[in-house]
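Q: what follows is a protein structure lacking sequence information:
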């Protein structure tokens, strides 16, 4: 299986980061990896952000390492431009400024060539975002990509991966913790247990676990990402149109297993939510940034040819 080498490697990497993290967390007894894991977390003890961020960074590097990087300079330059505008908007946003400042040196974005991805992008605790260029055929426009990246950034800015931690994930980490510390490869562990731990961080898909973040968090990230993109100068109406088109397509092809957003709530729900909840705020933010300039046509993304 494609994940086998990835998981075997990540087991060794996680031993290293947990051992180091054990020294850095003053509330944890002892200094070994097992002590660190056994001391946290439970439903009554919040998961230490440093631990989750360290794990997220490790898994992000491994995800980037196992995929083929996008080598089209036009694509990469355009993605970097959009990402920079979003980061600038986050820093200027009173709601996100504090977390955005903490993440300022931690943000990472890699464009990866993945055909028919189950999600267009994924955020990893610690500031990493993987963008799958196989999604460009559907996304088509810069404005939609901006809100898509804004959605992933919103998960990190709102710290949804910490809020998600639950009893199953807590029990799972305590179960696999000693095994990780002993050097046992992750691909040998119970997928359900492992999925609950990674799923708690919203990245369970990398081990084949369809465990998205809670529906409410995804809808919240939709709105936050839409407004963030609008503040960065991207017209939110294009994302509304995109979700409407996705909803129509999904109704016509309900059995389509290659839906781009299959790890998110139904497109119709997402479209209705932003229309009722935040589209007017996003439009107001966009109009303020535009400063009375005439509205322009949506901008096509560079063409990505997937072999």
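A: That came in fine, so what should we check first? Note that the structure is predicted; figures quoted are calculated from it, not measured.
Q: show me the domain layout of this protein.
A: Here the chain is described, according to automatic domain parsing, as comprising the domains 1-69+166-199, 78-163+211-307.
Q: weakest of those by average pLDDT?
A: The weakest mean pLDDT among the domains of the chain belongs to domain 1-69+166-199, with a mean of 58.
Q: and the helices in the stretch 101-250 of the chain?
A: Here the stretch 101-250 of the chain has its helices, by DSSP state H, counting those that start in this stretch, at 136-139, 142-157, 160-163, 167-181, 191-199, 215-231, 237-252.
Q: from residue 233, how far out is residue 92?
A: Going from residue 92 to residue 233 by C-beta to C-beta, to the nearest Å gives 12 Å. Placement of C-beta: from N, CA and C, glycine included.
Q: ugh, wrong one, residue 152
A: Relative to residue 233, and taking C-beta to C-beta, residue 152 is found at 18 Å.
Q: list the buried ones in stretch 73-81?
A: Within stretch 73-81, the residues that qualify as buried are 75-76, 78-79, counting by 16 or more other C-beta atoms under 10 Å.
Q: equivalent analysis for stretch 57-69, please.
A: When burial is assessed from 16+ other C-beta under 10 Å, stretch 57-69 yields the following buried residues: 57-64, 67.
Q: next one: stretch 284-299
A: Residues of stretch 284-299 classed as buried by neighbour count (16+ other C-beta under 10 Å): 285-286, 298.
Q: the nearest residue to residue 130 once chain neighbours are set aside: neighbouring residues, count only.
A: For residue 130, the nearest residue in space outside its immediate sequence neighbours is residue 122; the separation is 5.0 Å by C-beta to C-beta, 6 or more residues apart in numbering. Other residues lying near residue 122 total 22 when counted by other C-beta atoms under 10 Å.
Q: can you check residue 96 too?
A: Taking other C-beta under 10 Å as the criterion, the count of residues near residue 96 is 20.
Q: from residue 106, how far off is residue 124?
A: Distance from residue 124 to residue 106, counting by C-beta to C-beta: 11 Å.
Q: between those two, which is the more surrounded one?
A: Neighbours around residue 124 and residue 106, counted as other C-beta under 10 Å, are more numerous at residue 124. The numbers are 29 against 12.
Q: hmm, that one is touching residue 61, no?
A: No - distance between residue 124 and residue 61: 9.1 Å, which falls outside the contact criterion (C-beta atoms under 8 Å).
Q: and the strands in the stretch 1-150 of the chain, which stretches?
A: 68-69, 108-113, 121-124, 128-132 (DSSP state E, counting those that start in this stretch).
Q: give the pairing partners of the first one; include direction for each.
A: Applying DSSP bridges to the sheet, strand 68-69 is found paired with strand 108-113 (antiparallel).
Q: just to revisit the earlier point, any idea which of the strands of the stretch 1-150 of the chain gets closest to residue 281?
A: Closest approach to residue 281 among these is made by strand 121-124 (22.1 Å; C-beta to C-beta).
Q: for stretch 68-77, measure first residue to last.
A: End-to-end distance of stretch 68-77 (C-alpha to C-alpha, to the nearest Å): 17 Å.
Q: other residues contacting that stretch?
A: By C-beta atoms under 8 Å, 6 or more residues apart in numbering, the list of residues contacting stretch 68-77 from outside reads 110-114, 133, 136, 301-302, 304.
Q: let's see that with 6 Å instead.
A: Stretch 68-77 is touched from outside by 111, 113, 133, 302, with contacts defined as C-beta atoms under 6 Å, 6 or more residues apart in numbering.
Q: likewise for stretch 108-123?
A: Outside stretch 108-123, the residues within contact range by C-beta under 6 Å, 6+ apart are 64, 67-68, 70, 76, 79, 83, 127-135, 148, 152, 155-156, 258, 260, 262-263, 306.
Q: one more: stretch 126-135?
A: Around stretch 126-135, the neighbours that count as contacts under C-beta under 6 Å, 6+ apart are 53, 56-57, 60, 63, 70, 103, 106-117, 120-123, 152, 260, 304, 306.
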